[in-house]
Each structure stands twice: as structure tokens, then as C-alpha cells.
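Asks: my questions are about this predicted structure, shown below with the sequence.
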Amino acid sequence: MSDVAIVVLAWNQWPMTLQMLDSLRGTDLSGAHVVLVDNGSTDETPARLAERDWPFVIRSEQNLGFVRGNNIGIAAAPPGSDVVLLNNDLEFPDGSWLAKLREAAYSAPDIGVVGCRLRQADGTLLHAGTRILPDTCLGQQLGSLEKDLGQYPGLREVQGVVFACVFIKRAVLDVIGGLSEQFDTYLEDTDFCLRASAAGFKTVVCGDLTLIHHQHGSTQEIPQHREALLEAGRKVFRRQWQEPLEQAYRGDLLWQSIINHPTGYSACTRGFVQALEQAGKRMVYRYVYGAGSVFPIEEAESTGDYLLDVVAHRPLPTPPQEAVVFGQANVFARNIGKYRIGFTMLEVDGFPAEWVHLANSMDEIWVPSQFNARGFLDGGLKRPIHIMPLGFDPDHFHPGIRGFPNPDGEFVFLSCFEWGERKAPDVLLQAFNRTFSAKEPVRLVCKVTNTYANVSMRREILGLGLSESGGRISYLFNRNLPHYQLAALYRSADCFVSPSRGEGWNMPLMEAMACGLPAIATDWGAHQEFVTAEIAYPLRIRGTVPAVAKCPYYEGFSWADPDPDHLSHLLRHVYENRAEAQQRGLLAAAEMRQRWTWSSAAKRILDRLTDGT
């Protein structure tokens, strides 16, 4: 490996620079040469630096801006050395930060640019890579303002990284040169990463390294100046990259669904759209419900996510070619595409005649599981049907997420469900209560959603006749968490339990398994796609029974009758065989990551669209 030149750019704010240098010097700088570029400071910085014998200082008499200032440092790097660019507002809690960047850079020959996770001092994540869309030519920092729970682990390829901390291999500089001096500051880092990509070098984030970024840079206290610089950089970036970024798309796909309501379809739409966009499909989103539909509620303008907002406001393709309606089949008729795809699911063993009729008006049908494919075909579907599994986000759901263990050391079973017949809360609560004693250090935590104003949870639970001397149960009622924070809830438990009577997929179960939890789940329904005896604990059923619920779409169909005695056996088995259960959970996490991510789901869709239409 080459030696490394570390370039620190500073302009005024000497106390911040001193704090950064002291933190930096306390780390392992083996094989590194540190250069500080004083970019025309007018405060005490020049005098203070002159009093020190470290680092090597290059003095510019005027402020040359971020780009030219860093290029001075790059030019001063010893021949053949790699280069690290650092802001002067960083803190280094990890003494091996440089070794981790270097190891990531040389883990593959085509890696050329390496960034890291950046976090604020208050524990808020700032950066885990960047992405930029040609529509706006504005960058988005991935993970920004999320509570840092350990998301975005490992080595991940990204479109770009911010140059507050970046490792650049010498081979990249030899091919494309330094930062483009068409920029002053802002978007020069994304430009560099895109130029590196065009030259055959990948940009990655080292998720095993987190530095503290205090964000007290030279423009932070002058917002008007910052906005002017940003707009100037954006103008240059748009001229250079808007057309190439647009041409990189592999066609358009109109996705008509729901995105801003707390439903499974909404959560999945977010996953699908982001993954398909990342995979190179130009996505356009439209709300499929609203006035004149079975769900006449209008949808909010903002999704709360930069990429999704852009996708939702893109103009429709003219005319829309491939279009997916992802929702209940009774809105399939609202599909406005030339080639119309209906994508749906249901939790029972068949589909209403109306749904089958509407499905037969589509060009093809997608469902996430063989379970639903059988239900459609048995109901008289004549159109081609394809299995398109759902997925999960491995950046936010994985075994490394920080949990909050039970303060009393209790073994915790967790279940997340909406109160109702389908989720079989009666089966779960009664089985747990009679399986364990209140004296045992074990607890069931139920995260329960109740959307029915006329349903009293207190009355419902009291009606189950639970014993005070039996297993102890705690409840989280109608607690809405940001979706990514559910991973911390999963990681705070020891086992996930889902004894439901029917599932169209069961996203909480998949996410919990992705987080490494052993899982007990009914051996019936769509989640049989990913729940097996090798990586989970399938719950036997006593057969199927007529589906009895408030949902009219279930009428005339059946769902599972989970075996409460077997559930009791599995609860006790997991509790008493913890090493086995933990190993099964780790196997589940590995298989989820290998087979069931949103990226895998998007690839399957792209392959189908390429082959079939």
C-alpha cells in the first residue's frame, strides 16, 4: 500500500482547528504525512500554527475556496501517495480510523474513493453516503438526522460521499486529477465521485468507521453566502451532469400505490421505489386511491423523503408505458399504463370474484408468494401471474443495530400486530400466560395497534381471563415509531412471535429475522416463502377454518387455525434452549440479507420487465 498524505483545510476558527488537530494526533497515523493548508486565515490561526512543529503548514495569503485550497494540499502530497482530505471540524473517537479507510480502499482493485459514517456530537447520524438526482441536481446525505442506532454497516457502494473525510487512492488522482476548479465549494465532491466512476473507480462508504462532524465549517455562520455558493455549484453541476445522469436510466416505470398512510402497501412502496430507482429505473409515483376510489382519503403532498418527493412530482411518461398498480385489486382499474400490471396480496386462501375479474383485465398479475398465486389461479385467473417477493432494508435492519436490553435481565418475547382476529392475539396471550409463571424471568411485550374507536383494549384483554400468576405481559399501545427505529425494538428482544391466522407477507416478521431474532411463526400463508425450520420455528396448525373478521374480502375463504399447544411448546423450547435459538436467529439474518433485500426484489422486477414487455 502507498503512503498517505492527510490534507487538512482550515480558514479561521482557530479553537476548532486546534481541537481537531489534537484529536487527530491522538490516533494511529502510521505511514501518514499531515499537511495543513491555511486558506487565508485572518484570525489567530497563522500565528498559532507558527508556534507548532506539527503539522506541516502551507500558507495561502487569500481564501481560495474549498476546491482550490484542497488542491494545494493534494499537489503538495509526496509522489505516489494516496490522499485523505479532512475538514477542520472533525473529531476522531476511533484511533484506527486511517487504517480502516486504507483497508477499505484496498479491499478491491476497483475501489477508488472511500468515505465513512459521520455523526453529530448529540448522536444524530449525518452521513452514510450521498445520492443525487438529475431532476434537482441537489445531493442528499443518506441517513441524515436519523438517531444513530448502528445503521448502514459494512462496506457499501454509493454514488458519492461528502469530502469532510475522504480517502482517495493515488490511481484515481493520476487518471482524473484533483477536484474540479470549475467549482468553488459544494457539489465538487459529488462531481469528483462521478468522474471517478466514469473512469472505472467505485466510491464506497466504510460503515465500520464513524467520525464526529461538528459542522462548524467556514460558511455555516453566513447562510446567505452558503446559499449563493450552493447555487453556484449546482449550476456548474447541472451543466456537467444532468444529461449523463438522465441518460443512465433504463426506462420509466409508473408506480401507482399509496405512500403516506400507515399501511403495509405504503411501507413496501417506499422500499420498491427506492430500490428500483437505485437499480436504474426512472420511477414515477402516483397515488392510486383518493376521490372515487374505495379509500377516498387524499394523500399528503410530502413523503418526508427527498428521493420519494422527487419521484412523486415527476411528470408522467408520455404516454405511460409500463405501469404497476400496487394495492388491493379493487383499484386495478385505475391503472393508466399502456402495459398494465396489477400487484396485490391477501391473507386468506383465495381472492374475491371482483378482484379476479379486475385482475383478468390487466396484462399480467404480480403477487409476492406462491400462496397467493394458488389463490388467484384457483379463483379463475386467466392472465399471466408472476411471483414478485417483497423485501427489507438491510442498511437499517441487521444484527448490529443497537438494542436496549431488559433492565431486569428478563428474557423478552416480542410481537407486533394490529388488534384483530387475523393476528390471533387471543391465541398468543393465553398461550404465553399459561406457559410461564409470573415468578420466571420472562416477559411478552406486545406492540399493539388498535384503529377501531369502538374496541376497548382493556375490555378485550380482560375478556381473555389471563391469570395474574401466569406469564407476565406488557403492552405498547398505538406507539408510532419512525420505521427505521423498529430495528432497535427488535434488537431489544430475544425472540419474535407471530402466531397469526393469515399473512399476505408479514413484514415485521421478516425485519425481525433480518435483525437476527429467532422467530416463531405460523406455518401457513405467504411468509412460508422465507420461514423454514432451518432458520425459524414454524408453528403447526390444526387445519384451516373459515375466516371470520371485519374485512369483507375474507368472506367465503379460510385461514389457519394455529395450534396453541404447539405454540406453548415452542415458547418454552426457545426460552430453555437459548444458544440454539440465537444460532437460528443468526442463520435467519444471513439468509434474509442474501435473498430477501429490496435490492433483490427490484432486480427480480427489472428482469421481468426486461424479459416480458
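Replies: Good, I have the coordinates. Note that the coordinates shown come from a computational prediction; the quantities given were computed from them, not determined experimentally. Residues are numbered from 1 along each chain as shown.

Asks: low pLDDT regions in the stretch 1-150 of the chain?
Replies: For the stretch 1-150 of the chain, applying pLDDT under 70 flags the ranges 1.

Asks: swap in the chain?
Replies: Judged by pLDDT under 70, the chain has its weakly predicted residues at 1, 216-222, 612-613.

Asks: so what touches the longest helix along it?
Replies: Among the segments of the chain that qualify as a helix by DSSP state H, the longest is helix 223-247. Helix 223-247 is contacted from outside by 132-134, 137-138, 182-188, 190-191, 194, 219-220, using CB atoms under 8 Å, 6 or more residues apart in numbering. All C-beta spots, glycine's among them, are computed from the backbone N, C-alpha and C.

Asks: if you set the cut-off to 10 Å instead, what comes out?
Replies: Contacts to helix 223-247, defined as CB atoms under 10 Å, 6 or more residues apart in numbering, come from residues 65-67, 132-139, 159, 180, 182-191, 194-195, 198, 217-220, 222, 248, 282.

Asks: let's see which of those residues end up in helices.
Replies: 65, 66, 67, 188, 189, 190, 191, 194, 195, 198.

Asks: what's the farthest-apart pair in those residues?
Replies: The largest distance within these, taken as CB to CB, falls between 65 and 198 and amounts to 24.0 Å.

Asks: who has more neighbours, those two?
Replies: Counted by other CB atoms under 10 Å, residue 65 and residue 198 do not tie: residue 65 has more neighbours, with 20 against 11.

Asks: nearest residue to the more buried one in space, ignoring adjacent ones along the chain?
Replies: Using CB to CB, 6 or more residues apart in numbering and skipping residues adjacent in sequence, the residue nearest residue 65 is residue 184, 4.3 Å away.

Asks: wait, isn't that neighbour in contact with residue 39?
Replies: No. If you go by CB atoms under 10 Å, residue 184 and residue 39 don't touch, sitting 11.9 Å apart.

Asks: circling back to that earlier point, give the next helix or strand downstream of the longest helix of the chain.
Replies: Later in the chain than helix 223-247, the nearest helix or strand by DSSP states H and E is strand 252-257.

Asks: distance between the following helix or strand past that next one and the chain's centre?
Replies: Remark: after strand 252-257, the chain's next helix or strand is helix 264-278, criterion DSSP H and E. Relative to its chain's centre, helix 264-278 lies at 10 Å (CA atoms, centre = their mean, to the nearest Å).

Asks: so helix 264-278 versus strand 252-257, what angle?
Replies: 170 degrees (axes from the mean of the first three to the mean of the last three CA atoms, to 10 degrees).

Asks: could we number from 145 for the rest of this?
Replies: That works, and once the first residue is 145, the last one we named lands at helix 408-422.

Asks: helices or strands up against helix 408-422?
Replies: The helices and strands touching helix 408-422, judged by 3 or more CB pairs under 10 Å, 6 or more residues apart in numbering; DSSP states H and E, are strand 274-276, strand 396-401, strand 426-431, helix 450-457, strand 466-470, strand 483-487, helix 651-658, helix 742-756.

Asks: next, format these as TSV and append distance to residue 419 and mean neighbour count.
Replies: Converted to TSV, the helices and strands packed on helix 408-422 look like this (distance: least, CB to CB, whole Å; neighbours: other CB atoms under 10 Å):
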stretch	distance to residue 419	mean neighbour count
strand 274-276	12	21
strand 396-401	11	24
strand 426-431	10	21
helix 450-457	11	19
strand 466-470	13	24
strand 483-487	14	24
helix 651-658	15	26
helix 742-756	4	17
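
Asks: can you lay out the ones you listed as CSV showing distance to residue 312?
Replies: Compiled in CSV, those are given as follows (distance: least, CB to CB, whole Å):
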stretch, distance to residue 312
strand 274-276, 16
strand 396-401, 35
strand 426-431, 30
helix 450-457, 26
strand 466-470, 40
strand 483-487, 43
helix 651-658, 33
helix 742-756, 27
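
Asks: to residue 194, which of the ones you listed lies closest?
Replies: Judging those by CB to CB, what sits closest to residue 194 is strand 274-276, at 36.7 Å.

Asks: give the other helices and strands that the closest one contacts.
Replies: For strand 274-276, the elements it packs on are strand 283-285, helix 332-342, helix 367-391, helix 408-422, helix 450-457, judged by 3+ CB pairs under 10 Å, 6+ apart.

Asks: other residues contacting it?
Replies: 259, 282-286, 288, 302-306, 331, 333-335, 337-338, 347, 349, 378, 381, 385-386, 389, 418, 421-422, 450-451.

Asks: repeat that for 6 Å
Replies: Among residues not part of strand 274-276, those counted as contacts by CB atoms under 6 Å, 6 or more residues apart in numbering are 283, 284, 285, 303, 304, 334.

Asks: where along the stretch 645-757 of the chain do the strands fall?
Replies: Using DSSP state E, counting those that start in this stretch, the strands found in the stretch 645-757 of the chain span residues 663-666, 681-683, 685-690, 702-706.

Asks: tell me what the third one is packed against?
Replies: Of the remaining helices and strands, those touching strand 685-690 by 3 or more CB pairs under 6 Å, 6 or more residues apart in numbering; DSSP states H and E are strand 702-706.

Asks: may I see the buried residues of the strand it packs on?
Replies: Neighbour-count burial for strand 702-706, counted by 16 or more other CB atoms under 10 Å, picks out 702, 703, 704, 705, 706.

Asks: now those residues as CSV including distance to residue 407?
Replies: Below are these laid out as CSV (distance: CB to CB, whole Å):
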residue, distance to residue 407
702, 24
703, 20
704, 22
705, 26
706, 24
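
Asks: and which of the residues you listed is nearest to residue 196?
Replies: Residue 196 lies nearest to residue 706 out of these, by CB to CB, at 70.4 Å.

Asks: ok, now which ones touch that closest one?
Replies: 568, 571, 643, 666, 683, 685.

Asks: so it versus residue 277, what's the distance?
Replies: Using CB to CB, to the nearest Å, residue 706 is found at 46 Å from residue 277.

Asks: what of residue 406?
Replies: Taking CB to CB, one finds residue 406 at 26 Å from residue 277.

Asks: which of these two has more residues huddled nearby?
Replies: The residue with more neighbours, out of residue 406 and residue 277, is residue 277; 20 against 11, by other CB under 10 Å.

Asks: what's the nearest residue to the more buried one if we skip its chain neighbours?
Replies: Once flanking residues are discounted, residue 277 sits nearest to residue 454: 5.3 Å by CB to CB, 6+ apart.

Asks: the one you found contacts residue 282, correct?
Replies: No. With contact defined as CB atoms under 6 Å, residue 454 does not count as touching residue 282 (9.2 Å).

Asks: what is the burial count for residue 197?
Replies: By the criterion of other CB under 10 Å, residue 197 has 5 neighbours.

Asks: give me every residue that touches the closest residue to residue 728 other than its chain neighbours.
Replies: Distances taken as CB to CB, 6+ apart place residue 662 nearest to residue 728, at 4.9 Å, with adjacent residues excluded. Residue 662 makes contact with 639, 718, 725, 728, 729, according to CB under 6 Å, 6+ apart.

Asks: ok, residue 328 and residue 183, which is more surrounded?
Replies: The neighbour count for residue 328 versus residue 183, taken as other CB under 10 Å, is higher for residue 183 (26 against 17).

Asks: could I get the contacting residues of the nearest residue to residue 532 once chain neighbours are set aside?
Replies: Nearest residue to residue 532 in three dimensions, chain neighbours excluded: residue 510, at 4.2 Å (CB to CB, 6+ apart). Residue 510 sits next to 487, 530, 532 when contact means CB under 6 Å, 6+ apart.

Asks: no more questions from me, cheers.
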